[in-house]
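**Q** predicted model and sequence below, questions to follow.
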Amino acid sequence: MSILAAEKAQHARWLKLTEENRLYDMMEAQTARQIAMLRDLLAELQKTEDPDRARHLLGQVIIIGTYIKRRSNLIFVGEQRGAISVQELRLCLNESSENISIYGADCKTVIKGEGRLTVGQATQVYDLFEAVVEAEMESLRALLISIEVGKWVEIALCVSGAEPLCGLRTRFPDLEWEQDEDGLQYVTRKLERSRGV
């Protein structure tokens, strides 16, 4: 191998490592809050001697860990493909919903529509879902998330839990929130669908 070929190969490896580091840094930055939550939950789990509390904490670890894994995957897939398929978002929400159900709350995901979303749209949907779950973690009884992908990306969550979710409007300014007389909360958000995705 010539010196020039070796230098090219070394430069290519350096570029690949630089890109991988950029992606990992982005993933870590965008899930930093959940990583901190995970550390706190694991520390509490190590200290507890109550088996019921340990099971409860382990369920929370699984829910937060799933979010970190799936959210990072959205970043990775989005960087590779330039967009996120509705099917990929469906997989994220289905896995999270299954783990929430195992945790003990009824959880269902319904997604209508196909096609592709921008990385920003897909992550906004998943981040809203996770924000609701995190806010209600201790008291969540039931959660239905319905997403319709058409001209708009319409997100609707129906939540049975003790924590008021109206505070999420500070993080998601265009969020709409209502609570009915039975205490069910309705969280809706509408995102404009980008063209050319």
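**A** Good, I have the coordinates. Residues are numbered from 1 along each chain as shown.
**Q** pLDDT at Arg195, what is it?
**A** You'll see Arg195 listed with a pLDDT of 62.
**Q** before we move on, what about Gly78?
**A** 92.
**Q** secondary structure element for it, which one?
**A** Counting by DSSP states H and E, the element that carries Gly78 is helix 51-81.
**Q** could you do Leu157 as well?
**A** Per DSSP H and E, Leu157 falls inside strand 152-160.
**Q** repeat for Ser139
**A** Using DSSP H and E, Ser139 falls outside every helix and strand.
**Q** dihedrals phi and psi, the residue nearest the centre of the chain?
**A** Against the mean C-alpha coordinate of the chain, by C-alpha atoms, centre = their mean, the closest residue is Tyr126 at 3.8 Å. Reported as degrees, to the nearest 10, the phi and psi values for Tyr126 are phi -70, psi -40.
**Q** also Val149?
**A** phi -110, psi 110.
**Q** please renumber the chain so that the first residue is 39 from this point on.
**A** I'll keep to 39 as the first residue from here, and by that count the last item is Val187.
**Q** what confidence value was assigned to the closest residue to it other than its chain neighbours?
**A** In space, and not counting its chain neighbours, Val187 is closest to Gly151: 3.0 Å by C-beta to C-beta, 6 or more residues apart in numbering. For the C-beta atoms, the positions are set from N, CA and C on the backbone; glycine is no exception. We have a pLDDT of 95 for Gly151.
**Q** what sits up against the strand holding Leu195?
**A** For strand 190-198, contacts defined as C-beta atoms under 8 Å, 6 or more residues apart in numbering pick out 155, 159, 163, 166-167, 170, 174, 178-186, 203, 221-231.
**Q** surely Tyr141 is in contact with Gly97?
**A** Yes. Contact criterion C-beta atoms under 8 Å: Tyr141 and Gly97 qualify, at 3.8 Å.
**Q** just to revisit the earlier point, which elements pack onto the very next helix or strand once past the strand holding Leu195?
**A** Going down the chain from strand 190-198, the next helix or strand is strand 214-217, by DSSP H and E. When contacts are defined as 3 or more C-beta pairs under 8 Å, 6 or more residues apart in numbering; DSSP states H and E, strand 214-217 sits against strand 223-230.
**Q** show residues contacting the strand it packs on.
**A** For strand 223-230, contacts defined as C-beta under 8 Å, 6+ apart pick out 159, 162-163, 166, 170, 190-199, 202-203, 206, 210, 212-218.
**Q** now with 7 Å?
**A** For strand 223-230, the external contacting residues (C-beta atoms under 7 Å, 6 or more residues apart in numbering) are 159, 162, 166, 170, 190-197, 203, 206, 210, 212-217.
**Q** give me the buried subset of those.
**A** Burial by neighbour count, judged by 16 or more other C-beta atoms under 10 Å, picks out 159, 162, 166, 170, 191-197, 203, 206, 210, 213, 215 from the contacts of strand 223-230.
**Q** okay then, goodbye and thanks.
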